[in-house]
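Novice: attaching a predicted model along with its sequence, questions to come.
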Amino acid sequence: KILGVRHGCEVSFLWGPPGTGKTHTLAEVIYSFYKDEKRVLLVSNTNSAIDLLIKSLSKGLDKTGDQKFKEGKVLRYKKIVDPELESEFGDFVNIEKVVERLSQALVEERNKLTKEKDKIDQKLSPLYKISEAFKSLNSKVRKLDEVNDSLKKATENLSDSESKQKKLKQNIRELEEELSKSEKSSLLGKLMKRSPEKIKSDINKAESKISSIQNDIDDYKKRKKNYQEELKDLNNQLDEIYKITKGKDENETNESIKKYEEELAPIVSRITEINNELSKLEEKIRNECLVLGSTAIQTFLKPDDFTN
């Protein structure tokens, strides 16, 4: 009765306890469509269910020696999880393997070119490293000079500020001594000297300047420390650069890079051409297959792969 799906039924249901032949029956339904060259999208919510049906269908087609089956007319979309399906029929239902099998000459050419590309890449990799080291050398040296200049200025500013602060502290001691004498003076003596209030005002002004200069000192010390750390880091980087560039010539390095890149360009171009050809073939095989099995989520993630 399930074969009634072939006679105009829009929706049919197949139900039965385990072991009653549901998978076999569905495979027969799909096979009946397959014989009439009608296209079937086989969808389930699990990979194992898809693989089970594809495996059952594949076994039947393999027994009959179906040539279309060997040409990729039954495909499993994405990864096969059933080890038996993969080992026995992977070459016929895994689209990547089908493409490789039907385009063996192209695949072999790509593999050969890829090995050549890898060899050139291995030669280019250390050359690129040397070239980058030469490029960064001048900028690192300029940066080193800039940081040295900044460190020198910060050191000079720190020294000047500490000197000013030292003088102000000495001035305060002299003012405090003057204040002490003024407060002990007689009335006539006080009239001859500056008033205690004026001296205290000068002391307050000097203390305020000391506080302001202390902020500058703290800032210059912080800058000096940062510049020293930056210098240390730059010197370490330069040491590494000198190790890389030791005994090397920048012009010769760049000439070697140019030579290998010229060798590499046609190889990469041809690999790209082959990949495009294989992609077109893969799309053609997928669009012309009669049975395509996939999980439901893939039909939502890659809807364009199922439009035909």
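Specialist: Received, thanks. None of these values were measured; they are calculated from a predicted model.
Novice: use CA for all of it now, contacts and neighbours both
Specialist: Noted.
Novice: can you tell me how far Thr46 is from Leu75?
Specialist: 16 Å (CA to CA, to the nearest Å).
Novice: those two: which has the busier surroundings?
Specialist: Legend: neighbour count by other CA atoms under 10 Å for Thr46 and Leu75, higher for Leu75 (27 against 12).
Novice: which residues sit in contact with the more buried one?
Specialist: Phe92, Val93, Asn94, Ile95, Arg286, Cys289, Val291, Leu292, Gly293 (CA atoms under 8 Å, 6 or more residues apart in numbering).
Novice: in strands, which of those fall?
Specialist: In this view, the contacts of Leu75 that belong to strands under DSSP state E are Val291, Leu292, Gly293.
Novice: so which strand or helix has the residue nearest to the spatial centre of the chain?
Specialist: For the chain, the residue nearest the mean C-alpha position is Ser125 (18.8 Å; CA atoms, centre = their mean). Element membership for Ser125, per DSSP states H and E: helix 104-184.
Novice: what mean pLDDT does that helix have?
Specialist: For helix 104-184, the mean pLDDT works out to 93.
Novice: one more: stretch 279-286?
Specialist: In this model, stretch 279-286 has an average pLDDT of 91.
Novice: can I get it in PDB, CA atoms only?
Specialist: What follows is stretch 279-286, C-alpha atoms only, in PDB (Å, rounded to 0.1, in the frame of the first residue of the first chain):
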ATOM      1  CA  SER A 279      33.300  22.800  -8.000                       C
ATOM      2  CA  LYS A 280      31.400  23.100 -11.200                       C
ATOM      3  CA  LEU A 281      31.400  19.300 -11.600                       C
ATOM      4  CA  GLU A 282      30.300  18.900  -8.000                       C
ATOM      5  CA  GLU A 283      27.400  21.300  -8.500                       C
ATOM      6  CA  LYS A 284      26.500  19.400 -11.800                       C
ATOM      7  CA  ILE A 285      26.600  16.000 -10.100                       C
ATOM      8  CA  ARG A 286      24.500  17.300  -7.200                       C
END
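Novice: buried residues in that stretch?
Specialist: Under the neighbour-count criterion of 16 or more other CA atoms under 10 Å, stretch 279-286 has Leu281, Glu282, Ile285, Arg286 buried.
Novice: how distant is that stretch from the center of its chain?
Specialist: 30 Å (CA atoms, centre = their mean, to the nearest Å).
Novice: same check, this time on stretch 250-260
Specialist: 28 Å.
Novice: same question for stretch 290-308.
Specialist: 29 Å.
Novice: end-to-end on that stretch?
Specialist: Span of stretch 290-308 from end to end, CA to CA: 11 Å.
Novice: for that stretch, the averaged confidence score.
Specialist: Averaging pLDDT residue by residue across stretch 290-308 gives 88.
Novice: repeat for stretch 54-65
Specialist: Per-residue scores along stretch 54-65 average to 92.
Novice: same deal with stretch 19-32?
Specialist: Mean pLDDT, computed over stretch 19-32, is 85.
Novice: keeping just the C-alphas, turn that stretch into PDB.
Specialist: Below are the C-alpha coordinates for stretch 19-32, written out as PDB (Å, rounded to 0.1, in the frame of the first residue of the first chain):
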ATOM      1  CA  GLY A  19      12.000  -5.000  12.600                       C
ATOM      2  CA  THR A  20       8.900  -4.900  10.500                       C
ATOM      3  CA  GLY A  21      10.700  -3.700   7.300                       C
ATOM      4  CA  LYS A  22      10.100   0.000   7.300                       C
ATOM      5  CA  THR A  23      13.600   0.800   6.100                       C
ATOM      6  CA  HIS A  24      13.400  -1.800   3.300                       C
ATOM      7  CA  THR A  25      10.000  -0.600   2.200                       C
ATOM      8  CA  LEU A  26      11.100   3.100   2.100                       C
ATOM      9  CA  ALA A  27      14.100   2.000   0.100                       C
ATOM     10  CA  GLU A  28      11.800   0.200  -2.400                       C
ATOM     11  CA  VAL A  29       9.600   3.400  -2.700                       C
ATOM     12  CA  ILE A  30      12.700   5.500  -3.400                       C
ATOM     13  CA  TYR A  31      14.000   2.800  -5.900                       C
ATOM     14  CA  SER A  32      10.700   2.900  -7.700                       C
END
